[in-house]
Structure formats: C-alpha cells, structure tokens
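Q: Quick one: sequence plus predicted model below, questions after.
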Amino acid sequence: MIWLVFFLSGFAALLYQLVWQRALFAIYGINIESVTMVVTAFMLGLGLGSLAGGALSKDSRRPVLLMFSLVEAGIGTFGIFSLGLFRAVGAATLDFSATATAAVTFGLVLVPTMLMGGTLPLLVAHEVRASGNVGRSVGMLYFVNTLGSALASLAAATFVMGSLGQAGTVRLAAAINFSIAAAIYVYAARKKSADARASIASEPPASDAASAAPAASPAAHADRTEQGAT
Amino acid sequence: MSLALASAIAALAGLISLAYEILWYRVFSFVNKGSPMTFGLLLGFYLLGIAFGSLASRAYCKNKRATFDPAQLRALAGFVFFAQLLSFSVIPFLSWIATKTSWTVALAPVGLSAMLLGAALPLVAHFGIAPDERAGARLSYVYLANIVGSACGSLVVGYVLLDVWPLEKVSLAIAMTGFLLVAGLLVAGKARGLRGAGAWMALVAAGAGTWASSPRAFDRVWEKLQYKTELSLGFRFAEIVENKSGVITVTGSGEVFGGGAYDGIFNAGVRYDRNGIFRTYALGAMRPEYHEALMVGLASGSWAQVVVSLPTIKHLTIIEINPGYLKLIRERPEVSWLLDDPRVEIVIDDGRRWIQRHPDRKFDLAVMNTTWHWRGHATNLLSVEYMSLVRQHLEPGGVFFYNTTHSEDAMKTGLTVFPYGMRIYNCMAVSDQPLALLRDKWRELLLGIRIHGEPALDLTQEYDRGRMDELLELVDSLEEQPPSREGLETKDSMLARFTGARVITDDNMVPEWRDPLKEQLAR
C-alpha cells in the first residue's frame, strides 16, 4: 500500500514539475537565467521540504501516515489553483529585478515543492520503525517514487501533455494527489483500529502494563505513531 | 562524523549526476533538433535508471548493523567507478550510434549510467544513518545534501562551464570529479590489501584512459549529432559556437543551425535567393511606410538587414535570446555592419518576456523569423496569448509578420487574433487593417531598396531583369486556385482549407505535440 501510493505520489509530482516549469518559462522566459532560476527554486524547495519532513518525523508519537495524507491533499489543492496563481503573480511581477523575480519564483514553488520534499523523510521514518533497516527502506521508497516519476516523464512526453494540455495535466496530477490522500487516510484509520484491537487482545495484566511500555520496539513506536498516541 | 561524510558523498554524487544530466540534455536535444519530447524521454530513462539503481542497492543493505561499516563505502566506490566509465561514454556513443541507426538507442546507456549513480543515496544512507527513531530526520539531511549537490551540479555546469568550455572539456571535468569521488570513497572505505591495490590501479588506469581517449571520442561530435546517418566523410563545420544558451553551428556554405535545427543562411540579397529572403522584401511593400520595427530572433541577421534597409525605417529593436549569434555576425563583414548601424538596437533577452516588460513600446512592424513550430517552447511565440500581446504593441495598421514554418495551426491562430491576414509562402502577415501586395509598389520597393548601400537588383543586367519578372509574378499568385505553396494566399482561402487546424494556446501547445511520436523521433 505504502509503496503504491508513493509510486503515484512520484508520478503526480513529476507531472506538476513539467507543467509548472513550462508555465513559469512562459512568464519569465526560456533564457538560461530564467531556466536556472526556476530549476534551482524547485530544488531548494525540495531540499527545505526534506528538512521539514525530517523534523516532523523526529517525534515518534506523530502520526506520519496521516501527515503524509495531509501533505498529498495540500499538494493537490495547490495544484488545482497553481496555473491561475502563476499567471496572476507573473503579471504582477513582470517589472521586478532579476533578484526580486528569483525571490518571487522561489516563493511561488516553495509551498508545493516543500510538501513534495517532505514526503520521503516522513515515509522513511515510518518504514524504518517497522523494518529497522535504513538502506532497504530508503532504497525501496526511493525506487517506487522515482519509478513513478520516470513513468510520468515518459507518459508526459508521449501523450499526456499533448492530449490533456497544461491545465488537464495538472488536474490529472491533483486527482492522483487527492486519491492518495484519501487512500492513506483510510489505511491509517484501519491500521489504527486493527492495532488497537491487537493491543487489547494482548494486553498484559494491569500491574505489568506500565513496565512493558518503555521496552517497546521501534515497530511498536511506529504502531503508536499511527494511532496518534500522545 | 559518519552522517557528515554520508552527506558529503550524497552531495558530490548529486552534483555529478545532475552535471551529466545537463550535458546529456544538451546533446540529446541537439540530436533531436529541440523536439519537446526529448526532455521527457531523457528524464524518463534517467529516472528509470535512478529508480532501479536504488532498488539494486538494497542487495548491499541486508545487514541492519552495517551502519558506519567502511565496506559500504567500498561497495559504493564500485558503483560510482563504473558509473563514471559509462556516463563519460554516453555522448561519444550517442554521436556514433546516431550515424549508424536511431539515436534513441543511446537512451539505454543513459539509463544504465543513472542506475549506477542511483545506488548512491540508499548506500550512503545505510552507511551514515542508524536505524533508530531519528532515521527520518537524518535521512532528510543526507537527502538535502544530495539535492544541494544536484542544484550545484546544474548551476556549475549549465550556467558556468558550458559558457566557457566546449562539450569535451566539460565532460572530462565531470568524469575527473567522479574519479576523485571514487578515490575519496576508497580512502574512507579503507581499501587495503590486494583488492585495495587492484581498485587503486583500476582507478588510475581509468582516469588516464579517459583523459587520453577524450579527443578522439569527441572528434566531430556536433557534426555526427546534426547530420546523423547522412554525415559525409570528413565533413566539418566552418564554425561552432558553444555557450550556456546553446550550440550554433555554421557550414562552409553559410548555413546556420541553432541547437541542431536549420536557422537560416547568411544572405540578404534577393538576386540569388537561397533562403526565401523575398518574403521579407514583400513585407516592405505591404504598407506605405514603417518607422518603428521590432524583430524577435536575429540568428544570421539576414532578415534584420532587409528590415532595417526598408526605405522609411527609423529604428529597429532586435530581441535575441542567444548572444552567440552576435559573435558570429561580428566575424562576417557582409553582416557585421548591422551591429554598428545606429538605427539598430540589439537586446539579449527572451522575446516574449521583453514584450511583456515593455508595454509602452509601440511598433509599425513586428517581425519574427524564429524557429520551427514543432520545437520545444515554440508555443510561447505562436499562441493566441502571445499574438494578442504583440497586437497590443502595434500601432493602428501595424503589421505582424511571422514565419509559421508551414504550420497551419500557426496560420489559423494569426487569423484568429487579427482581422486581416495574408500568407506569403510559409510566412503570415497579419494586421488590424487590410493588407495588399500591389505590383507597382512591389516593383518600386525592389528598385529602391539598398542593402548596406548595394541595390537589390540592377536592371541593366539581364539576369536581374529576369529575376525582377519572377518576383513580380508573386503578386499574381494571390488569385491562384489551388493556392500556390510558394506564393500568396488570402485569409478566406486559408480558412476554407484549414479544416483540421487548431488555434494554438499556451495551454494546448498544439504545434509541439501534433506530430506522431515516430515522426518526432525521426528528426
């Protein structure tokens, strides 16, 4: 389930990137300075998002799957309004200096790219708590996410952009985001219920419970995380 | 310490990966003449490689207690080493395979190289991050380092190195950086003993071999990429200009190519017209007089020479995105006068952006001889939105004249934005007032115009008299049915013909994606 949604998340993210880059190039130009500015803004956003996602994942009591669901919903919401927003901001900032334009571009893509960049650390935290293996967790998550992006890139080049146009492509990506958000929300809720039932079934006598809790494994912490325990 | 080391390795690996991607995009885009699908295809294969490299790396991460184990770094050194050998070979392989069969075959080594590079992030993460509660946070630092390295690779190569060095030198610089990373990994991975010595020897041999083979591997690389299977034995370009804005190539006969696609010929004369320059002359006869003119796209400067030579022109503003063309023009005496003409102002900028940023500038004439309609981002200069923008900058009765490169979509779009229009071969003249090419006016222009002091035609010469008659026949082609491909055509005739044409918008990008995939790949 996690792998499938992260595959789709990568698919949607790359569709956005391709469309947003084109939209921003139309506004700010396709000369090398503009291209560099837009690409760097994307990367900075992803990097900052990674930091934010990492910071959020530090606390094992935080429900990382639910946060991931919210992040996907946030990306989708931004996506729906993105092209209109870019055009409006572009028209209002045409006279800006190169530095100010770079700042505006960065601001425009900061929110969605931060959200995108935050997804990997969140899910790595979730997976490592379950598996206890960093390399294999990162390897698998990075694989499915990048595979999604790769297939999105090929799909965009061969038929998506040509048949759906920019607005249609963004709508497709947003639909994927919302589907992911809903699926993960349901998955996390069901997991929480299942974990709660399992916890009740295996609950030790009341006198032992307090001493058992501190010895919980990383996997148990992950379970508590999904339950949103505080 | 190990987290810092892991982050540094991730940063360097990211830098090298993106540096190669920038180079590969340049050559793949060139070999496919800037088709919009090139980026998607290349990125797709690159990411596929990264993805499977990431998956393959899991085999080296079975041991949960491998954190801070130098063996992880030695494994990574192996991945990076073979990645360098393969990555450096991609461009020579592409240029070679393009002369034999389809260039798309070279997407395979791109994927394989990226696969080897893609193993880096999981392997360094496994090495530098303990599998505890803070794994997600620590991964974010390593991931951030990887992204920062990638951004630097993109900036350093795309913005700096490609502006000062040719392709071969940049490729070599990236390969050597990669080999340095391998050396660093061997040191940090404590590669010792017989296997360690073998690794060091292989590294030195690979570095020296790469350096020594580079001139031969990159010999005539742009010629091979441009002409592919049609490359003549021993053919070389007369001039190649490489800078951060792109690659311009010039043949000995004066043909100019931008990014691998035909861009024009150094010729402003209508006497021996090899580049359809008569279209620009005809434009001069369609309106009583022009004073202020705008031109988007300079290229060889041939069109600009004619426009600024129109009898009443007072000022010509030219917007060119690639400064490399100025260098070419400066070196050619037959065109270089253009750069010194006080009526000519040349601005290096994106044409659409410049127009948007100068809402107060008005022109009698806007000319655009830019690029093929199917190339990436051509929509930006052919869409309804762009043409509406140009219209706002025209004086009443002003003319917008643009090269459609035979795109019916582009012709229809012009006829949608402007109430009046006429086709001249593959160019469109559109305006908010009626347009006409009258024989007397046309003859008067051909006799009166002087290009840098030289008359266009000399009627004392028999050849020129015949040429004048040929050019005057252009006027008669307006009434021909079916319309002449090389002649004139009215708006009504075009609209009646264009049953399958679509109006181009920024959103639909019609001209870029209209052609079937097979046709796009064959360019």
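A: Alright, I've got the coordinates. Since the model is a prediction, treat every value here as computed from it, not as a measurement. Residues are numbered from 1 along each chain as shown, chains lettered A, B, ... in the order given.
Q: Give me the below-cutoff pLDDT ranges for chain B.
A: Along chain B, segments meeting pLDDT under 70 span B:1, B:62-67.
Q: start to end distance for stretch B:248-261?
A: Stretch B:248-261 has an end-to-end distance of 9 Å (criterion: Cα to Cα, to the nearest Å).
Q: what about that stretch and chain A, touching?
A: No: using Cβ under 8 Å from any Cβ of the partner chain, stretch B:248-261 never reaches chain A; the gap is at least 11.9 Å. Bear in mind the C-beta positions are built from the backbone N, C-alpha and C, glycine included.
Q: List the contacts of that stretch.
A: With Cβ atoms under 8 Å, 6 or more residues apart in numbering or on different chains as the contact definition, stretch B:248-261 has outside contacts at B:29-34, B:222-223, B:225-226, B:237-241, B:246-247, B:262-267, B:299-300, B:322, B:324-325, B:328, B:371-372, B:375.
Q: tell me which residues of it are tucked away?
A: Using 16 or more other Cβ atoms under 10 Å in any protein chain shown as the test for burial, stretch B:248-261 gives B:Ile248, B:Thr249, B:Val250, B:Thr251, B:Gly254, B:Glu255, B:Val256, B:Phe257, B:Gly258, B:Gly259, B:Gly260, B:Ala261.
Q: Which residues does the second one form beta bridges with?
A: Residues found in beta-bridge contact with B:Thr249 (criterion: DSSP bridges) are B:Ile240, B:Phe257.
Q: still on that earlier bit, tell me which entries of the contacts of stretch B:248-261 lie within helices.
A: Within those, residues falling in helices by DSSP state H are B:Ser29, B:Phe30, B:Val31, B:Trp222, B:Glu223, B:Leu225, B:Gln226, B:Gly324, B:Tyr325, B:Leu328.
Q: So residue 60, which state does it fall into?
A: Just going to use chain A. Three-state assignment for A:Ser60 (DSSP: H, G, I helix; E, B strand; the rest coil): coil.
Q: and it, backbone torsions?
A: In terms of degrees, to the nearest 10, the main-chain angles of A:Ser60 are phi -70, psi -10.
Q: Hmm, A:Arg129 and it touching each other?
A: Yes: contact status for A:Ser60 versus A:Arg129: in contact at 6.9 Å, counting by Cβ atoms under 8 Å.
Q: the more surrounded of the two?
A: Shown here are A:Ser60 and A:Arg129; by other Cβ atoms under 10 Å in any protein chain shown, A:Arg129 has more neighbours (27 against 20).
Q: rewinding a little: now for the buried residues of stretch B:248-261: which two are most distant?
A: Comparing every pair within these by Cβ to Cβ identifies B:Gly254 and B:Gly259 as the most remote, at 18.1 Å.
Q: circling back: just the buried subset of the contacts of stretch B:248-261, please.
A: B:29-34, B:222-223, B:225-226, B:237, B:240-241, B:246-247, B:262-267, B:299-300, B:322, B:324-325, B:328, B:371-372, B:375.
Q: Not counting its own residues, what contacts the strand or helix carrying B:Trp211?
A: Using DSSP states H and E, B:Trp211 sits within helix B:193-217. Residues from elsewhere that reach helix B:193-217, judged by Cβ under 8 Å, 6+ apart: B:74, B:77, B:81, B:84-85, B:88-89, B:91-92, B:168, B:171-172, B:175-176, B:179, B:182-183, B:186, B:190-191.
Q: same thing but 7 Å
A: Outside helix B:193-217, the residues that touch it by Cβ atoms under 7 Å, 6 or more residues apart in numbering or on different chains are B:77, B:81, B:85, B:88, B:92, B:168, B:172, B:175-176, B:179, B:182-183, B:186, B:191.
Q: And the pLDDT at A:Ser202?
A: You'll see A:Ser202 listed with a pLDDT of 67.
Q: The one 5 residues further on too?
A: The pLDDT attached to A:Ser207 in the predicted structure is 46.
Q: So B:Ile346: helix, strand or coil?
A: strand.
Q: all helices for chain A, in order.
A: A:2-28, A:32-57, A:64-92, A:98-131, A:134-155, A:161-201, A:206-212, A:218-227.
Q: Now do the residue lying closest to B:Arg343 once chain neighbours are set aside against chain A, distance only.
A: Spatial nearest neighbour of B:Arg343, chain neighbours left out: B:His315 (5.4 Å); criterion: Cβ to Cβ, 6 or more residues apart in numbering or on different chains. Distance of B:His315 to chain A, computed by Cβ to the nearest Cβ, to the nearest Å: 23 Å.
Q: so what's B:His315 bridging to?
A: For B:His315, the beta-bridge partners are B:Glu292 (DSSP bridges).
Q: Pick out the residue in the stretch 151-300 of chain B sitting closest to chain A.
A: Minimum separation of the stretch 151-300 of chain B from chain A (Cβ to the nearest Cβ) falls at B:Ala151, amounting to 4.1 Å.
Q: Confirm for me that that residue is in contact with A:Thr40.
A: Yes: between B:Ala151 and A:Thr40 there is a contact under Cβ atoms under 7 Å: 5.5 Å.
Q: between these two, which one's more packed in?
A: More crowded of B:Ala151 and A:Thr40, by other Cβ under 10 Å: B:Ala151, with 23 against 18.
Q: With just CA atoms, put the host helix or strand of that one into PDB.
A: Using DSSP H and E, B:Ala151 sits within helix B:135-155. Extracted in PDB, the C-alpha atoms of helix B:135-155 (Å, rounded to 0.1, in the frame of the first residue of the first chain):
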ATOM      1  CA  ALA B 135      16.300   7.900  10.900                       C
ATOM      2  CA  GLY B 136      13.800  10.100   9.100                       C
ATOM      3  CA  ALA B 137      15.400  13.300  10.300                       C
ATOM      4  CA  ARG B 138      18.900  12.100   9.500                       C
ATOM      5  CA  LEU B 139      17.800  11.000   6.100                       C
ATOM      6  CA  SER B 140      16.500  14.500   5.500                       C
ATOM      7  CA  TYR B 141      20.000  15.900   6.000                       C
ATOM      8  CA  VAL B 142      21.500  13.400   3.600                       C
ATOM      9  CA  TYR B 143      18.700  14.000   1.100                       C
ATOM     10  CA  LEU B 144      19.100  17.700   1.400                       C
ATOM     11  CA  ALA B 145      22.800  17.400   0.800                       C
ATOM     12  CA  ASN B 146      22.000  15.300  -2.300                       C
ATOM     13  CA  ILE B 147      19.600  18.000  -3.500                       C
ATOM     14  CA  VAL B 148      22.000  20.800  -2.800                       C
ATOM     15  CA  GLY B 149      24.700  18.900  -4.700                       C
ATOM     16  CA  SER B 150      22.400  18.400  -7.600                       C
ATOM     17  CA  ALA B 151      21.500  22.100  -7.700                       C
ATOM     18  CA  CYS B 152      25.200  23.000  -7.700                       C
ATOM     19  CA  GLY B 153      25.900  20.500 -10.500                       C
ATOM     20  CA  SER B 154      23.100  22.100 -12.600                       C
ATOM     21  CA  LEU B 155      24.400  25.600 -11.800                       C
END
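Q: check contacts around residue 94.
A: Reading this off chain A. Per Cβ under 7 Å, 6+ apart, neighbours of A:Leu94: B:Gln356, B:Arg357.
Q: Please refer instead to chain B.
A: Counting by Cβ under 7 Å, 6+ apart, B:Leu94 touches B:Val27, B:Val31, B:Trp103, B:Ala106.
Q: Also B:Tyr281?
A: For B:Tyr281, the contact set (Cβ under 7 Å, 6+ apart) comprises B:Val270, B:Val306, B:Leu445, B:Leu446, B:Ile449.
Q: cutoff 6 Å now
A: B:Val270 (Cβ atoms under 6 Å, 6 or more residues apart in numbering or on different chains).
Q: ok, now how distant is it from B:Tyr262?
A: As judged by Cβ to Cβ, to the nearest Å, B:Tyr281 and B:Tyr262 stand 21 Å apart.
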